[in-house]
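J.: sharing a model that was predicted from the sequence below.
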Amino acid sequence: MSDKMKKRTIYIGGKVSGLEVSEYTRLFKLGKEYVSMLECEDLDNTEFITPIDICEPDWTWEQSMDICVEYVKQADKVYFLPLFIG
């Protein structure tokens, strides 16, 4: 694989607001595992991004959404997790 090959980006969205850090951390860990199974080809060339990767815990919902929407627009694929996955 060429060093110049662009990684594909998969954004995984889900609920953060109103959950304890341990809850949403577990949610996104399980979500990444689940999406990895669905997207099993070329995982070495895939970057998974979640709200907890790009947002600060002390940001407002609006601040977080502004950033997350930009990542959704730029992602190659987007998955949204149901709350009950965890």
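T.: Looks like it came in fine.
J.: contacts, neighbours, all on C-alpha from now
T.: Will do.
J.: tell me where the model's unsure across this structure.
T.: The chain contains residues with pLDDT under 70 at 1-5, 83-86.
J.: tell me where it has helices.
T.: Listed in chain order, the helices of the chain (DSSP state H) span 21-38, 51-54, 61-74.
J.: want to throw those into a markdown table with distance to Asn45 and mean neighbour count?
T.: Compiled in a markdown table, those are given as follows (distance: least, C-alpha to C-alpha, whole Å; neighbours: other C-alpha atoms under 10 Å):
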| stretch | distance to Asn45 | mean neighbour count |
| --- | --- | --- |
| helix 21-38 | 12 | 15 |
| helix 51-54 | 18 | 15 |
| helix 61-74 | 16 | 14 |
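J.: could you dump the ones you listed to JSON lines with distance to Leu81?
T.: Shown next, in JSON lines, are the helices of the chain (distance: least, C-alpha to C-alpha, whole Å):
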{"stretch": "helix 21-38", "distance to Leu81": "7"}
{"stretch": "helix 51-54", "distance to Leu81": "12"}
{"stretch": "helix 61-74", "distance to Leu81": "14"}
